[in-house]
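A.B. asks: Model the structure of this input:
(chains A and B)
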Amino acid sequence: MLRKISCDVLPIFMLVAAIVLGTAPPARAADTADPKAAFTAFRAYFTSRFPKVALDDFVNGPYSMDEGLRKQWKEIEEFPPYEFAVDKGKEMFAKPFANGRTYADCFPEKGISIRQNYPYFDTKSGQVITLELALNQCRQANGEKPLDETKDDMAALTAYMAFTSRGKRFDIKIPDDPRALAAWRKGEEYFYTRRGQLNFSCASCHVQSAGQHIRTEVLAPALGIMAAMPIYRSEWSGMGTTSRRFTTCNAQVRAVPLHPQDELYRDVEYFLTYMGNGLPVSGPGARP
Amino acid sequence: MRLPVGLMSMLGAAALAFAAVAAPADDFKAAYAKAEAASKEAAALKTQWTTTVATLKAAKKAADAGKLDDAIALAKKAEALAQASTAQAREQESAWKDGVIR
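C.D. replies: The predicted structure is shown next:
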């Protein structure tokens, strides 16, 4: 009897359950690429987690999180350690190549005050173009050898270009091109994927642990983290580009770093910079 | 032709001694080849661990120094590390979505 009732009721129960719960398993927000929704959620997460931090202050990374560090930084900024790089970059930028052309000839607005538009998705080549890549493409187009993308001359050039763009607000666009959306998505995936023997993702430090100490360092929040690039790091005793930051982050979690301008690094830079849209350029920066 | 018993014993002993030396060398070659293959797979997936590379290098160095037991152990460790990194990458193919800010 009981079995019969169960058999009679079961289909009705299942129907009701299907109506209540939906016929398909619930989709996760992250199952589809949705930059606008991701942007909104990303910003809401950081602003609600750190309500005392002014939105524009997120570009100052660890200094927005720790009062003691902030005081030290204010003093450092009186004689900023990146100043030499800016001066060197300015000289390099103006110095003609062997063919008489200059970097300015390769960029919109002659390369001045344009940092906020990098990286961008190039619909002709179908790839993300970072400032470092654009500078090396410029050099090669003019018969010069490409520079090391991680430090020295490249860091000087990008430091100068960032300096001329200070205060400009990031405006990274995702053009109506499925390849652009795919690049943003690959960047998002890279950012949240755990790697290395320590099993860390970029988000492990810069989302879940933002503002916390890792040894003596304060972890910068992911929101606005690209704004200060390139940076002078005391740990490096020198300047480093975004590529240098990515390669060292990978190595610190015991993952073999990619090539400094690997497609995945460019995609994650595209993703992260897009997520900081509307924030001001603060680079070049100084970090512990 | 029949060999004298003494000579046969000497040849036998020499063969055993050779086998004793050759076996670990072959074991190392096999273990290293397996570790190298696993490491290449991890590299192709862009999920290589620095510790895999370092351990593989240490295995080769130990073998070159004639420390074959150590070399075999290190090669096996490198293989295990490479396999763990590949497993991590496979698991993260979908698991990364769990960490996304919503």
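A.B. asks: Residue A:183 and residue A:173: what is the separation?
C.D. replies: Separation of residue A:183 from residue A:173 (CB to CB, to the nearest Å) stands at 12 Å. Every C-beta, even on glycine, is put in place using the N, C-alpha and C of the backbone.
A.B. asks: oh sorry, the question was meant for residue A:202
C.D. replies: 22 Å.
A.B. asks: can you pull out the strands in the stretch 101-250 of chain A?
C.D. replies: Listed in chain order, the strands of the stretch 101-250 of chain A (DSSP state E, counting those that start in this stretch) span A:120-122, A:127-129, A:213-214, A:217-218, A:231-233, A:238-240.
A.B. asks: Can I get those in JSON lines including mean pLDDT, mean neighbour count and distance to chain B?
C.D. replies: Converted to JSON lines, those look like this (pLDDT from 0 to 100; neighbours: other CB atoms under 10 Å in any protein chain shown; distance: least, CB to the nearest CB, whole Å):
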{"stretch": "strand A:120-122", "mean pLDDT": "98", "mean neighbour count": "20", "distance to chain B": "21"}
{"stretch": "strand A:127-129", "mean pLDDT": "98", "mean neighbour count": "22", "distance to chain B": "17"}
{"stretch": "strand A:213-214", "mean pLDDT": "92", "mean neighbour count": "11", "distance to chain B": "18"}
{"stretch": "strand A:217-218", "mean pLDDT": "92", "mean neighbour count": "18", "distance to chain B": "20"}
{"stretch": "strand A:231-233", "mean pLDDT": "96", "mean neighbour count": "22", "distance to chain B": "20"}
{"stretch": "strand A:238-240", "mean pLDDT": "97", "mean neighbour count": "23", "distance to chain B": "19"}
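A.B. asks: Compare residue A:202 and residue A:173 and say which is more crowded by neighbours.
C.D. replies: residue A:202 (23 against 11; other CB atoms under 10 Å in any protein chain shown).
A.B. asks: State the distance from the closest residue to that one other than its chain neighbours to residue A:207.
C.D. replies: Once flanking residues are discounted, residue A:202 sits nearest to residue A:191: 4.7 Å by CB to CB, 6 or more residues apart in numbering or on different chains. Separation of residue A:191 from residue A:207 (CB to CB): 9 Å.
A.B. asks: for residue A:105, same thing?
C.D. replies: 40 Å.
A.B. asks: Look at the two and report which has more neighbours.
C.D. replies: The residue with more neighbours, out of residue A:105 and residue A:207, is residue A:207; 22 against 15, by other CB under 10 Å.
A.B. asks: Where do the helices of the stretch 151-288 of chain A begin and end?
C.D. replies: A:152-163, A:178-192, A:202-203, A:242-252, A:263-275 (DSSP state H, counting those that start in this stretch).
A.B. asks: Looking at those, spot the one closest to residue B:72.
C.D. replies: Closest to residue B:72 of these, according to CB to CB: helix A:242-252, at 28.1 Å.
A.B. asks: Buried ones in that closest one, by neighbour count?
C.D. replies: By neighbour count on 16 or more other CB atoms under 10 Å in any protein chain shown, the buried set for helix A:242-252 is A:242, A:243, A:244, A:245, A:246, A:247, A:249, A:250.
A.B. asks: Other residues contacting it?
C.D. replies: A:130, A:132, A:149-151, A:155, A:195-196, A:198, A:202, A:205, A:226, A:229-231, A:236, A:240, A:256-258, A:260-261, A:265, A:268-269, B:50 (CB atoms under 8 Å, 6 or more residues apart in numbering or on different chains).
A.B. asks: Could you identify the buried members of those residues?
C.D. replies: A:130, A:132, A:149-151, A:155, A:195-196, A:202, A:205, A:226, A:229-231, A:236, A:240, A:256-258, A:260-261, A:265, A:268-269, B:50.
A.B. asks: Any stretches of chain B with poor pLDDT?
C.D. replies: Scanning chain B with the threshold set as pLDDT under 70 gives B:1-22.
A.B. asks: Would you mind naming what in it lies close to chain A?
C.D. replies: B:43, B:46-51, B:53, B:81, B:84-85, B:88-89, B:92, B:95-102 (CB under 8 Å from any CB of the partner chain).
A.B. asks: which SS class is whichever residue of the stretch 1-150 of chain A sits closest to chain B?
C.D. replies: The stretch 1-150 of chain A approaches chain B most closely through residue A:30 (3.8 Å), counting by CB to the nearest CB. Under DSSP: H, G, I helix; E, B strand; the rest coil, residue A:30 falls in the helix class.
A.B. asks: Domain boundaries for chain A, per the record?
C.D. replies: A:10-78+A:175-287, A:83-163 (automatic domain parsing).
A.B. asks: which of these has the lowest average pLDDT?
C.D. replies: Mean pLDDT is lowest for domain A:10-78+A:175-287 out of the domains of chain A, coming in at a mean of 90.
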